[in-house]
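Trainee: Mind folding the following:
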Amino acid sequence: MQRIETVTGLFNAGNPATNTKGTVVTADWLNGVQEEIAFAIEAAGDTLNPATSAQLARVIQSGKLAAATAAGTPDAITASFMPPITALTSGMELRVRAAAANTSAAPTFTPGGPILARTIVKTDNQPLAEGDIAGAGHWLTLQYDAPLDKWALLNPAQSDRQDDGIPLLMTIWSAIGIPEPGYLDISQDNGLLARSAFPEAWAKIQAAIAAGSTAVISESAWQNEKTANGGVCGKFSTGDGSTTFRVPLIAKRFVRATGPGLSVGTAQGDAIRNITGAFGAGGSSFGSVIANISGVFASNTLSGSTDITAYQTGTHGGADFNASLVVPTADENRPVSVAQTPMLKMYGAPIDTGQIDLAALVQSLAAKLDTSVFEAWKDDTDDLRAFAWVTFDGNGQITKSRNVASVTRQATGVFLVTFIKPATSDNYGGSAISTRGASSNNVVCFNLSSNGVTSCVLNTYGATGNNLNPPGTSLVHIRFYQ
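Mentor: This is a model prediction of the structure:
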């Protein structure tokens with residue numbers, strides 16, 4: 001494509017009065033315009049049709065020039081586009097119809113030509129999970145991210161952050177002890193888990209391994225730590241090395257923060273600070289005497305002795321070590337505590353986009369949304385500004401309302417309206433619309449005779465003769481405003 005060859009690059013209409021010539025349109029320029037348009041149409045697979053002038057627009061709408069069918073392998077996808085892609089620009093978006101599901105966390109894509117393969121990631125630069133490319137027929141929307149030099153998959157089959165906003169592999173504590181959907185109870189041994197059953201969780205574990213995390217170890221190391229720590233291991237294992245993995249087991253353990261010398265997943269046995277006490281011994285004419293008892297020591301009298309003196313007669317005393325004299329004791333060391341169940345986020349079950357029928361959801365919501373009240377008032381927002389409104393029939397039967405408790409018919413065209421929430425003053429008015437028959441709607445404004453601010457008596461028989469007293473099943477809609 002080229003601009004017309006003038007000084008400004010624009011067409012000049014010319015002016016005979018000033019002898020200014022118009023721009024000469026050359027065959028090269030016209031052919032260039034024609035071929036640019038024709039190429040786009042034909043590249044999309046269409047045949048030029050002189051009977052329509054909408055072909056180019058339809059090509060743009062179709063998106064065919066940026067769409068292709070995948071070739072290559074499930075984890076090394078290639079595709080061919082027309083015209084061929086010869087350079088990548090940040091933000092470039094292509095669509096590819098997949099041929100199979102990915103099995104790698106780092107599949108690649110190249111749009112052909114001179115373009116080298118780049119890794120496909122999620123939009124937050126996270127690795128894909130197995131099955132994020134769902135399989136044959138999954139239309140992938142791929143956007144090139146120049147700073148990352150990767151292709152971002154905008155529509156993965158799964159997402160690592162779901163309904164509750166809690167990232168995968170985060171632990172929450174349950175006060176009722178029942179695992180929520182998508183969570184595992186890690187106070188018990190969950191055994192070897194299939195990687196294919198938890199693809200997103202495994203993808204994050206793989207990312208942790210790549211980042212050098214010490215929280216993932218081999219299965220044999222996991223079993224050794226479990227044995228050494230009394231049936232507990234705070235780390236993940238790589239399972240059988242190909243199809244399984246294992247999550248932490250932290251039964252009856254307290255969790256503490258990592259720090260120097262204490263890496264994530266490290267398990268520690270119980271321990272307490274040292275407990276001390278002292279006593280002394282001295283001599284007397286009666287023998288040796290144990291005195292100055294303190295701390296965890298207590299007197300122990302034998303043979304009926306009331307002191308800690310070794311008598312010459314052979315009766316003797318001693319000292320006992322008893323930690324319960326200074327601290328609470330039990331069969332384990334523990335802080336003050338309340339037991340809850342640790343739940344590990346494994347997948348986002350509450351939102352499964354493959355199982356949501358959006359059309360049915362929209363229809364369901366539409367069925368619940370009654371907009372009939374607004375049909376007669378659609379040209380203004382007075383219903384929204386009114387402190388109360390009500391639709392009722394000639395017997396005072398309410399069809400729908402806001403801030404109205406009841407409508408009582410007192411006489412022809414006279415009704416008592418009682419509000420749920422009182423008005424702030426008795427200085428209010430109202431307006432109404434009636435559906436008296438199918439031929440017309442009659443609107444009037446009227447004054448309300450106040451019974452204070454909790455209710456009002458209104459006369460729907462206007463002075464102008466617009467009788468809004470609804471006969472039969474016809475309705476009146478009235479709003480009150482201050």
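Trainee: What's the separation between A388 and Q397?
Mentor: Summarising the geometry, the distance separating A388 from Q397, computed by C-beta to C-beta, to the nearest Å, is 17 Å. (Glycine included, C-beta is placed from N, CA and C.)
Trainee: Those two - which one has more neighbours?
Mentor: Counted by other C-beta atoms under 10 Å, A388 and Q397 do not tie: A388 has more neighbours, with 23 against 12.
Trainee: mind listing what the residue nearest to the more buried one when sequence neighbours are not counted touches?
Mentor: Residue nearest to A388 in three dimensions, not counting chain neighbours: N403, with 3.9 Å by C-beta to C-beta, 6 or more residues apart in numbering. N403 makes contact with F387, A388, W389, F419, I420, K421 under the criterion C-beta atoms under 8 Å, 6 or more residues apart in numbering.
Trainee: Equivalent analysis for S218, please.
Mentor: S218 makes contacts with S237, T238, G241, as judged by C-beta under 8 Å, 6+ apart.
Trainee: next one: phi and psi at it?
Mentor: Comment: the main-chain dihedrals of S218 come out as phi -70, psi 160, following degrees, to the nearest 10.
Trainee: Next: A38.
Mentor: Summarising the backbone geometry of A38 under the convention degrees, to the nearest 10, its torsions are phi -60, psi -40.
Trainee: Let me know the distance separating it from L48.
Mentor: 6 Å.
Trainee: So between the two, which is more surrounded?
Mentor: Counted by other C-beta under 10 Å, A38 and L48 do not tie: A38 has more neighbours, with 15 against 11.
Trainee: per-residue confidence at S401?
Mentor: At S401 the predicted local distance difference test score is 80.
Trainee: Likewise for A203?
Mentor: The predicted local confidence for A203 comes out at a pLDDT of 89.
Trainee: doesn't it fall inside a helix?
Mentor: Yes: when classified by DSSP: H, G, I helix; E, B strand; the rest coil, A203 is found to be part of a helix.
Trainee: tally of neighbours for the closest residue to P74 other than its chain neighbours?
Mentor: Among residues not flanking P74 along the chain, A100 sits closest, at 4.0 Å (C-beta to C-beta, 6+ apart). Residue neighbour count, defined by other C-beta under 10 Å, stands at 16 for A100.
Trainee: Identify the residues contacting A100.
Mentor: Shown here is A100, whose contacts under the criterion C-beta under 8 Å, 6+ apart are T73, P74, I133, G135, A136.
Trainee: what about the second one, neighbour count?
Mentor: Other residues near P74 number 17, with proximity taken as other C-beta under 10 Å.
Trainee: For it, which residues are in contact?
Mentor: For P74, the set of contacting residues under the criterion of C-beta under 8 Å, 6+ apart consists of A98, A99, A100, A101, N102, T103, P107, I133.
Trainee: The last one: neighbour count?
Mentor: So the one you mean is I133. By other C-beta under 10 Å, the residues close to I133 number 29.
Trainee: Just the CA trace of stretch 136-156, in CSV.
Mentor: What follows is stretch 136-156 as a C-alpha-only set of coordinates in CSV (Å, rounded to 0.1, in the frame of the first residue of the first chain):
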residue,chain,number,x,y,z
ALA,A,136,-9.5,-31.1,20.1
GLY,A,137,-11.8,-28.3,19.2
HIS,A,138,-10.7,-25.9,22.0
TRP,A,139,-10.2,-22.5,20.3
LEU,A,140,-7.2,-21.0,22.0
THR,A,141,-6.9,-17.2,22.2
LEU,A,142,-3.1,-16.5,22.3
GLN,A,143,-1.7,-13.0,22.9
TYR,A,144,2.0,-12.3,22.5
ASP,A,145,3.6,-10.6,25.5
ALA,A,146,6.8,-8.9,24.4
PRO,A,147,8.2,-8.2,27.8
LEU,A,148,7.9,-11.9,28.7
ASP,A,149,8.6,-13.0,25.2
LYS,A,150,5.8,-15.6,25.6
TRP,A,151,2.4,-16.4,24.4
ALA,A,152,-0.3,-15.7,27.0
LEU,A,153,-3.3,-18.1,26.9
LEU,A,154,-6.3,-15.9,27.6
ASN,A,155,-8.8,-18.7,27.9
PRO,A,156,-7.3,-21.7,29.7
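Trainee: For it, buried residues please.
Mentor: By neighbour count, and taking 16 or more other C-beta atoms under 10 Å as the criterion, the buried residues in stretch 136-156 are H138, L140, L142, Y144, D145, K150, W151, A152, L153, N155, P156.
Trainee: ok so, going back, ranking by neighbours, what's the top pick from the contacts of S218?
Mentor: Neighbour tally across the contacts of S218 (other C-beta under 10 Å): the maximum, 25 neighbours, falls on S237.
Trainee: Phi first, then psi, for that residue.
Mentor: Its backbone dihedrals place S237 at phi -120, psi 160, with angles given as degrees, to the nearest 10.
Trainee: Surely it and E219 touch.
Mentor: Yes: at 4.6 Å, S237 counts as touching E219 under the criterion of C-beta atoms under 8 Å.
Trainee: Spit out the residues that contact those two alike.
Mentor: R246.
Trainee: Just the ones in strands from the contacts of A100, please.
Mentor: Where the contacts of A100 overlap with strands, as defined by DSSP state E, the overlap consists of T73.
Trainee: Closest one to A43 out of the contacts of A100, please.
Mentor: A136 (25.3 Å; C-beta to C-beta).
Trainee: need the contact list for the residue nearest to the closest one when sequence neighbours are not counted.
Mentor: Spatial nearest neighbour of A136, chain neighbours left out: A99 (5.6 Å); criterion: C-beta to C-beta, 6+ apart. Contacts for A99 (C-beta under 8 Å, 6+ apart) come out as T69, A70, A71, P74, A136.
Trainee: Mind telling me the two of the residues you listed farthest from one another?
Mentor: Within these, T69 and P74 form the most distant pair, 13.8 Å apart (C-beta to C-beta).
Trainee: From A157, how far out is G137?
Mentor: When G137 is compared with A157 (using C-beta to C-beta), they lie 12 Å apart.
Trainee: typed the wrong thing, it's L88
Mentor: Distance, L88 to A157, by C-beta to C-beta: 25 Å.
Trainee: So for these two, which residue has more residues nearby?
Mentor: Regarding L88 and A157, a neighbour count based on other C-beta under 10 Å identifies A157 as having more, with 20 against 17.
Trainee: measure the residue lying closest to that one once chain neighbours are set aside to N102 for me?
Mentor: Nearest-residue entry for A157: A134, 4.0 Å, with adjacent residues in sequence omitted and distances by C-beta to C-beta, 6+ apart. A134 sits 9 Å away from N102, taking C-beta to C-beta as the criterion.
Trainee: do A194 as well
Mentor: 17 Å.
Trainee: now V232
Mentor: Distance check for V232 against N102: by C-beta to C-beta, it reads 36 Å.
Trainee: K226 now?
Mentor: Between K226 and N102 the distance, using C-beta to C-beta, works out to 33 Å.
Trainee: A194 and N102: which is more packed in?
Mentor: Here A194 and N102 are set side by side on neighbour count (other C-beta under 10 Å), and the busier one is N102, at 28 against 12.
Trainee: Now do the same for the more buried one: its pLDDT.
Mentor: For N102, the pLDDT comes out at 92.
Trainee: And F236, by the same measure?
Mentor: pLDDT, the model's per-residue confidence, is 96 for F236.
Trainee: Hmm, V216 and it touching each other?
Mentor: Yes: in this structure, F236 sits in contact with V216. The criterion is C-beta under 8 Å, and the distance is 4.6 Å.
Trainee: Give the intersection of the neighbour lists for these two.
Mentor: Overlap between the neighbourhoods of F236 and V216 consists of I205, A208, taking contacts as C-beta under 8 Å, 6+ apart.
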